[in-house]
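Engineer: Provided below for reference: sequence and predicted model.
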Amino acid sequence: MRPGAHAEGDTLTHRMRRNFLFHLHPVQVPTRTLRPTTTLGLGVITLTLFLVLAASGVLLMVYYVPTPREAYSSTQDLQYAVTFGAFVRALHRWAGHAMVLTAFLHLLRVFFTGAYFRRELNWTLGLGLFLLTLGLAFTGYLLPWDQLSFWAVSVSANLLDYIPWIGGSLKRVLLGGHGVSQAALIRFYMLHVAFLPGLMLGLVLLHLWRIRKDGGLAREPGKGPVDLPTLPAWPHLLLREAILIIVVLTLLCLVATFVSAPLGGPPDIHNPSNPEKTPWYFLWVQEMVSYSAPVGGFIFPGFVLVSLFLLPFLEREPEGVGRWFGMPGKRVAVVVSMVLALCFFVLFEWMFMKQGVVSWLSARPPLFRDLLNPASGMLLVAVFHFAATGVLVRSTRTACLVAVMVLVVAVVGFTVVAWCRGPMWIFFWPWEEWALAG
Amino acid sequence: MPDDEREREHRRLRVCFLIAAGALLCVLVLVVIRAEQAPWRVLQKEFLGMGLPGTDEEMELGIRQYYTCASEVDRCSTCHLGIERRDLGDDNIPIPFRAHGPGLGGHLPNRIGCSSCHGGSGRALDPGVAHGLADARAKDPLMGQPHIQASCARCHVPGAREGQERLEQGAWLYLGLGCLLCHPLTDGGRGGLDFGPDLKMIGRKGLGYLKTSLIEPNENFPGSTMPSFRLALDKELEATENLLIYLESLVLDRYPACGTREKSQGMVGKPCATCHAGQEGRASGRLKHRCTYILRGAAELRCTNCHSSGIPPTGRGQGYCPLVKQHREGCSACHDGAARAPM
Amino acid sequence: MVGVCALSAVAGSVRLAVPAFEEGLPRRFPLGLLSDFKMNTLTWLQDRDLFVMRDHDGMGAFSCRCTHLGCMVRRTAEGFVCPCHGAEYGPLGEVISGPARRPLPWYRVWFERDGRLWVDVGKPLDEAGPTPVVLPQGNRA
């Protein structure tokens, strides 16, 4: 019996379905592909969210008008007057946030299972997709044109100034001028509905094609499909994916119908909100920039990006590919480094908030503040971990695992700290009330 | 995996798929049900259910909009179905279906809408947002008297018509307390810069901020040169509120397209009022120069208008002129050496 | 050859995206009359994002946007502070502490024949502080 041949007969729809789906999937898949813990299904979830975003985005485009005069009122119309408008808007917003999160988790999963091994092109495509996701989330954030989004995008765009040489020009081209204005809104709209989704679609197709070409989910070399137990993709893999997609859709619709997408007041271009914060996925950058602009805006993110890009070119250990954290011994190292990173993070943050340290640093030239702050500190900790682990254990894979774990702790930590900050960028514990400053 | 196990697995997966699909269907049905339960739909059904005479089902259902002369959209009558119906003015008609109270006069809702007077958010159909309660900073709710009188200034000069008495009192207080010396009204009668910031902008910070600025300006802005008006306003709750109503009106946009018959700004916008407010804004034959730090009706400068906690020894007997930030007497109270005060 | 065509198409597209004209406010605009700016005062023009200073040294205008991430600074007794990340500036906009690295930029001001004070925000000056300005009547401010 041919795979996927339906018991009821070989109708046209069945043949079409079979052809399309079975070009995306191999005929037989190893059983480990079917286990949830292998990949946590994150790639499928991210793709589903993208499709939801595309569909809901098209619906929103029926009513949204991208000019400063009408952007806010058309968003209000969608939220209050259009039938199912609030639902579709919420669907779009929560799917967008969720997609940034799941894309990040997917990247972490691929990294921690070493699945980039000998897949330099696909890894690069994946990085590109992640950056596109961030770009789409960011350009979409401005479109409601309310007080929160206007100032969030203003602040985030100013972060570009800290990229040397090209930063200022990049910001000018992105905004179409010197501040967030009509030109910026139209450009962001064009990027958000046309250019970036087009690129994303192209890269997604290439990404899926590469997965097939590279032989499915990563596993240790030397253990080919001949050696592993396999099952036919239909129904075992395809039905599992279908169930996952439906579960994601159900949860998303449930959240969207009960939790509305927020819509603040109309923007006051002379009165910034206090505090002015970027969207949550850039909070870590804003926090680091508040310590030191060159380190936070350029050196740290640049370092992360470049090292992620170079990873499959530099790290080529074949052992443990496809398994979480590789060999058992390495898991201990990862846990230890996570705990150490957390301790260092808390220590640096606590020291940097003390008044004595603040005054000592402000009395000295800016270079001191650039070198001695939590962002530089965590960068040094990551490099130190990498070197120490590499020398002690003699395994580049472990060294990379450990270094990236430190960086992940730093990024998550900075996000949490920035989340808690209130007016005047003062740190408040989550249970403390913000002292409203005028 | 042996064949019969595969079959069982296949069956299990199909069952899971059907359950998941069923759950999705339920959630989508839930979405539709919740949309049907939107507050405005519920209210409209209730209104029709009351079966009041003269209710036309085709007219009433759906989203009802006014396009106002200020080019804004007002959807208030979607829920407030009886606003223009005089026959629904009885007290036993429940709010929100009751007709508008007396005093609408020429303010037809289908011409000026509702939010131009009452504030709130005209496009919204969610009660919290529409009534301006959800985001107090953006559009403060001016739901009723007396603060609604601030909205009159959008089209009318304060005091030009009936029904604006408290706004008018606030405007005279503004002149009488000398606010004009530092906060002039050179920008179309609404704001402008001098020693003090433009009240058209500052007023957006809300009534609480403005009240603190009047009573204790240093709390809002340490090192401020603005004097405290505690002694003038402390026990006078009504006067304070009148002044706040006037200050609120400075923040609101004006609607020139809605057109009123008043031609001039009155005394409120003119720099002459800086010195002549003490004579109720009217110039007398011989101009009598007087410092404006006086209360209505009083003739001399009261030091205690500025010095709320006692008079410092250097300040006795001389008027304080914010033009040069010094105590001066005589002509130089207003006339700086080289320049001449506007006549 | 196809590659060269493609490359030039991309270059042309990028050039299109670079803004050739400014939306919104022009770089030079009037601020007001001399009498709008009293002696020994600092006037905050909120809708222009500028402070105008006038004292016995002359007149000057500087930006009220913090050089760190663009928030509006606030006046304090010692100078200015930025509410976003706590950057502190002195009374002439020089950096005292905080994440800001550049001082508040000052701009050239002058009086036109219409009697109004004009500013050019396209060119930040090298030196901070008010400078002597020639009044329309010919004497100095």
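Structural biologist: Looks like it came in fine. Numbers count the residues shown, from 1 in each chain, chains lettered A, B, ... in the order given.
Engineer: buried set for the helix ranked longest in chain B?
Structural biologist: In chain B, assigned by DSSP state H, the helix with the most residues is helix B:3-36. The neighbour-count check on helix B:3-36 (16 or more other C-beta atoms under 10 Å in any protein chain shown) flags B:9, B:13, B:16, B:17, B:20, B:23, B:24, B:27, B:31 as buried. (C-beta placed from N, C-alpha, C; glycine too.)
Engineer: Rebuild these as CSV, extending it with distance to chain A and pLDDT.
Structural biologist: Listed next are those as CSV, based on distance: C-beta to the nearest C-beta, whole Å; pLDDT from 0 to 100:
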residue, distance to chain A, pLDDT
B:9, 7, 86
B:13, 4, 90
B:16, 5, 92
B:17, 5, 93
B:20, 4, 94
B:23, 5, 94
B:24, 5, 94
B:27, 5, 93
B:31, 5, 92
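Engineer: rewinding a little: give the other helices and strands that the longest helix of chain B contacts.
Structural biologist: If you count contacts as 3 or more C-beta pairs under 8 Å, 6 or more residues apart in numbering or on different chains; DSSP states H and E, helix B:3-36 packs onto helix A:85-112, helix A:238-258.
Engineer: With respect to residue B:152, which of those helices lies nearest?
Structural biologist: Of all the helices and strands packed on helix B:3-36, it is helix A:85-112 that lies closest to residue B:152, at 34.5 Å by C-beta to C-beta.
Engineer: Show me where chain C has its helices.
Structural biologist: Here chain C has its helices, by DSSP H, at C:2-17.
Engineer: Would you mind listing what in it touches chain B?
Structural biologist: C:32, C:35-36, C:38-41, C:43-47, C:75-77 (C-beta under 8 Å from any C-beta of the partner chain).
Engineer: Now the buried members of those residues.
Structural biologist: C:32, C:36, C:38, C:41, C:43, C:44, C:45, C:46, C:75.
Engineer: And the lengthiest strand in chain C, what's buried?
Structural biologist: Longest strand of chain C, by residue count under DSSP state E: strand C:116-124. Within strand C:116-124, the residues scored as buried using 16+ other C-beta under 10 Å are C:117, C:118, C:119, C:120, C:121, C:124.
Engineer: So what's the predicted local confidence for the second one?
Structural biologist: Pointing back at residue C:118 there. Residue C:118 is assigned 90 on the pLDDT scale.
Engineer: related to what we said a few turns ago, can I get the buried residues of strand C:116-124 in CSV with distance to residue A:300?
Structural biologist: Below are these laid out as CSV (distance: C-beta to C-beta, whole Å):
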residue, distance to residue A:300
C:117, 44
C:118, 43
C:119, 37
C:120, 37
C:121, 32
C:124, 28
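Engineer: Show me what residue of chain C gets nearest to chain A.
Structural biologist: For chain C and chain A, the shortest gap (C-beta to the nearest C-beta) falls at residue C:97, measuring 3.3 Å.
Engineer: Contacts for the longest strand of chain C, please.
Structural biologist: Here strand C:116-124 makes contact (C-beta atoms under 8 Å, 6 or more residues apart in numbering or on different chains) with C:27-34, C:36-37, C:50, C:52, C:59, C:61, C:63, C:105-112, C:133.
Engineer: Distance of the residue nearest the centre of chain C relative to chain B?
Structural biologist: Centroid-nearest residue in chain C, with C-alpha atoms, centre = their mean: residue C:63, separated by 3.7 Å. Distance from residue C:63 to chain B, counting by C-beta to the nearest C-beta, to the nearest Å: 17 Å.
Engineer: Contacts only, for that residue.
Structural biologist: Taking C-beta under 8 Å, 6+ apart, one finds C:49, C:50, C:51, C:104, C:105, C:107, C:121 in contact with residue C:63.
Engineer: ok, and the most crowded of these?
Structural biologist: residue C:104 (24 neighbours; other C-beta atoms under 10 Å in any protein chain shown).
Engineer: Quick check: closest non-adjacent residue to it.
Structural biologist: Excluding the flanking residues, the one nearest residue C:104 by C-beta to C-beta, 6 or more residues apart in numbering or on different chains is residue C:93, at 3.1 Å.
Engineer: hang on, isn't the one you found packed against residue C:80?
Structural biologist: Yes: counting by C-beta atoms under 8 Å, residue C:80 is a contact partner of residue C:93 at 7.0 Å.
Engineer: Can I get the longest strand of chain C as PDB, trimmed to CA atoms?
Structural biologist: Extracted C-alpha coordinates of strand C:116-124, given in PDB (Å, rounded to 0.1, in the frame of the first residue of the first chain):
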ATOM      1  CA  ARG C 116      12.000  87.500  14.900                       C
ATOM      2  CA  LEU C 117      14.600  85.200  16.400                       C
ATOM      3  CA  TRP C 118      15.500  82.300  14.100                       C
ATOM      4  CA  VAL C 119      17.300  79.100  14.800                       C
ATOM      5  CA  ASP C 120      19.100  76.500  12.600                       C
ATOM      6  CA  VAL C 121      18.800  73.100  14.100                       C
ATOM      7  CA  GLY C 122      20.600  71.400  11.300                       C
ATOM      8  CA  LYS C 123      24.000  72.500  12.500                       C
ATOM      9  CA  PRO C 124      25.000  72.000  16.100                       C
END
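Engineer: Return the distance of it from the chain's centre.
Structural biologist: 7 Å (C-alpha atoms, centre = their mean, to the nearest Å).
Engineer: What pairs with it, parallel or antiparallel?
Structural biologist: strand C:28-33 (antiparallel), strand C:106-111 (antiparallel) (DSSP bridges).
Engineer: is it true that residue B:52 touches residue B:88?
Structural biologist: Yes: with contact defined as C-beta under 8 Å, residue B:52 counts as touching residue B:88 (6.9 Å).
Engineer: Among these two, which residue is more densely surrounded?
Structural biologist: Neighbours around residue B:52 and residue B:88, counted as other C-beta under 10 Å, are more numerous at residue B:88. The numbers are 19 against 15.
Engineer: ok, the more buried one to chain C distance?
Structural biologist: Distance, residue B:88 to chain C, by C-beta to the nearest C-beta: 45 Å.
Engineer: do you know how far the residue nearest to that residue when sequence neighbours are not counted is from residue A:250?
Structural biologist: Among residues not flanking residue B:88 along the chain, residue B:82 sits closest, at 3.7 Å (C-beta to C-beta, 6+ apart). According to C-beta to C-beta, to the nearest Å, residue B:82 and residue A:250 sit 42 Å apart.
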